[in-house]
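Chemist: next comes the sequence, and after it the predicted model I'd like to discuss.
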Amino acid sequence: MTKVKICGLQEVEHIQTAVHAGADAVGFVFAPSKRHVSIEQAQLLAKQVPQGVLKIGVFVNPTPAELQEAVERVPLDYVQYHGEETAAFIAEQGFPSIKALSIRTKVDVQAAADYQVDYYLFDAPGTDFKGGSGQTFDWTLLDEVGIPRERLILAGGLKAENIEEAITDVDPHMVDVSSGVETDGIKDHKKIRTFLQMAKRGHR
């Protein structure tokens, strides 16, 4: 069954809703964003996350010191690199890692081959910030990607209305949603529950 990550969580009650509804991972955004949390906030939120649910930190061009502090203090299970980080930089940090790539053309998909990471997250290009645009991209661009589906995470414009189609068409290991479970920029309990219910209907 496809795993689900609810990203950009900032409130304890939204963490609890996501966890109780069956989320497999939660995302804390440390990069510049309207969904940004401090390490102190993330620590408090992480206390609501049971064992078995992954805690993923989202960063854009972080320093090694920033990564080390967040991974140790929150603590985090994975680091998601959402900027222009080089393959060498990611390898040097040595953390379990996810590399996010913004997809416009097949060339953007092929760039994944440059990185030796645990998972590859394919997202729509951002608007004001990296990712979180609420837009989908052309999923057929992933048809010929030479990456095992068990290492592929799909993001970008996902919501309850299209998540079954996305899982059927792409067959990703995990789907990642943020704005698709929000109302007026705020996480919505009902949308979180509905998204998880619909996503769990789609079998890999």
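Modeler: Structure received. Numbering: from 1, shown residues only.

Chemist: hey, where'd the strands end up in this protein?
Modeler: Here the chain has its strands, by DSSP state E, at 3-7, 25-29, 54-59, 78-81, 97-102, 119-123, 152-154, 174-177, 182-183, 186-187.

Chemist: in the fourth one, which residues are buried?
Modeler: The reference is to strand 78-81. Across strand 78-81, burial judged by 16 or more other C-beta atoms under 10 Å covers 78-81. (Each C-beta comes from the backbone N, C-alpha and C, glycine too.)

Chemist: and which of those residues is nearest residue 98?
Modeler: Nearest to residue 98 among the buried residues of strand 78-81 is residue 80, at 4.2 Å by C-beta to C-beta.

Chemist: per-residue confidence at that closest one?
Modeler: At residue 80, the model reports a pLDDT of 98.

Chemist: mind listing what it touches?
Modeler: Taking C-beta atoms under 8 Å, 6 or more residues apart in numbering, we find residue 80 in contact with 27, 56-59, 97-100, 121.

Chemist: where does the protein dip in pLDDT?
Modeler: 126-134, 202-204 (pLDDT under 70).

Chemist: spatially central residue in it, please.
Modeler: The centroid of the chain falls nearest to residue 176 when counting by C-alpha atoms, centre = their mean (4.5 Å).

Chemist: any idea what that one is bridged to?
Modeler: Under DSSP bridges, the beta-bridge partners of residue 176 are residue 5.

Chemist: list the residues that contact it.
Modeler: Residue 176 sits next to 5, 7, 27, 121, 123, 153-155, 158 when contact means C-beta under 8 Å, 6+ apart.

Chemist: ok, which pair from those residues is furthest apart?
Modeler: Using C-beta to C-beta, the two most remote members of the contacts of residue 176 are 27 and 154, lying 14.0 Å apart.

Chemist: what are the buried residues along stretch 116-124?
Modeler: 117, 119-124.

Chemist: now render the residues you listed as JSON lines, adding distance to residue 138.
Modeler: Output for the buried residues of stretch 116-124, formatted as JSON lines (distance: C-beta to C-beta, whole Å):
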{"residue": "117", "distance to residue 138": "23"}
{"residue": "119", "distance to residue 138": "21"}
{"residue": "120", "distance to residue 138": "17"}
{"residue": "121", "distance to residue 138": "16"}
{"residue": "122", "distance to residue 138": "11"}
{"residue": "123", "distance to residue 138": "13"}
{"residue": "124", "distance to residue 138": "9"}
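
Chemist: pick the one among these closest to residue 50.
Modeler: residue 119 (21.2 Å).

Chemist: now the closest one: how far from residue 150?
Modeler: 9 Å (C-beta to C-beta, to the nearest Å).

Chemist: try residue 160
Modeler: Counting by C-beta to C-beta, the gap from residue 160 to residue 150 is 24 Å.

Chemist: ditto for residue 201
Modeler: 20 Å.

Chemist: show me what the top helix by length along the chain is packed against.
Modeler: Longest helix of the chain, by residue count under DSSP state H: helix 189-201. Contacts defined by 3 or more C-beta pairs under 8 Å, 6 or more residues apart in numbering; DSSP states H and E place helix 189-201 against strand 3-7, helix 12-20, helix 163-170.

Chemist: okay then, goodbye and thanks.
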